[in-house]
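A.B. asks: Kindly generate the corresponding structure for this input.
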Amino acid sequence: MTLNEGHRVRLAVELRLTGTVTPAEDSPAGEDTVAGSLALGAGIEGTVERVDSHVKEQGHEVREYLRLTSLLEDFGHQMPPGSRGQLEERIASLVPAWQAYEREKDRVTVRVRLDNGFVLDDVPEHLFTTG
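C.D. replies: Residues are numbered from 1 along each chain as shown. Presented below is the predicted three-dimensional model:
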């Protein structure tokens, strides 16, 4: 599912948020920090304010696979059989790294302003459904 800004969404799972809670404005004493917990039930609706795509990192082997396959596609027909065979062997050795990279998905997070006033930021998009 791909969410866009302005989409109406519904929380698909129940969330429990825990951690340190600090006031939005600095307290003069600086002692207003407390531990807190908040539960948000599945079904709460809101509006997507922002969508961020976090592109997965290409490791050295993935970059090398892309470079060598491009080389093979562009110039493989002109290569001597021995050189072409070595290139194909090297590409074959990099296929597992390429397949692992392809299985990983780009991570997409959203900022959603819930109808109850809460804002969830940097939350994986799969925690929401549309409609």
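
A.B. asks: wait, doesn't residue 47 sit right on residue 9?
C.D. replies: Yes - Residue 47 is within contact range of residue 9, at 7.3 Å (criterion: C-beta atoms under 8 Å). Bear in mind the C-beta positions are built from the backbone N, C-alpha and C, glycine included.

A.B. asks: the more surrounded of the two?
C.D. replies: residue 9 (21 against 14; other C-beta atoms under 10 Å).

A.B. asks: what's the neighbour count on the closest residue to that one other than its chain neighbours?
C.D. replies: Among residues not flanking residue 9 along the chain, residue 128 sits closest, at 4.1 Å (C-beta to C-beta, 6 or more residues apart in numbering). Other residues within reach of residue 128, judged by other C-beta under 10 Å, total 23.

A.B. asks: give me the beta-bridge partners of residue 128?
C.D. replies: Beta-bridge partners of residue 128, counted by DSSP bridges, are residue 11.

A.B. asks: dump the residue contacts of it.
C.D. replies: Shown in contact with residue 128 (C-beta atoms under 8 Å, 6 or more residues apart in numbering): 3, 9-12, 48, 110, 112.

A.B. asks: what does residue 111 give?
C.D. replies: Counting by C-beta under 8 Å, 6+ apart, residue 111 has contacts 48-50, 52, 119-123.

A.B. asks: what about it, is that helix, strand or coil?
C.D. replies: State at residue 111, reduced to three classes by DSSP: H, G, I helix; E, B strand; the rest coil: strand.

A.B. asks: Model confidence for it, exactly?
C.D. replies: pLDDT, residue 111: 95.

A.B. asks: Can you give me the separation between it and residue 66?
C.D. replies: The gap separating residue 111 from residue 66 is 32 Å, by C-beta to C-beta, to the nearest Å.

A.B. asks: what's the residue closest to the geometric middle of the protein?
C.D. replies: Closest to where the C-alpha atoms of the chain average out (C-alpha atoms, centre = their mean) is residue 107, at 0.8 Å.

A.B. asks: if I read this right, that one contacts residue 124, doesn't it?
C.D. replies: Yes - using C-beta under 8 Å as the test, residue 107 is close enough to residue 124 to be in contact (7.0 Å).
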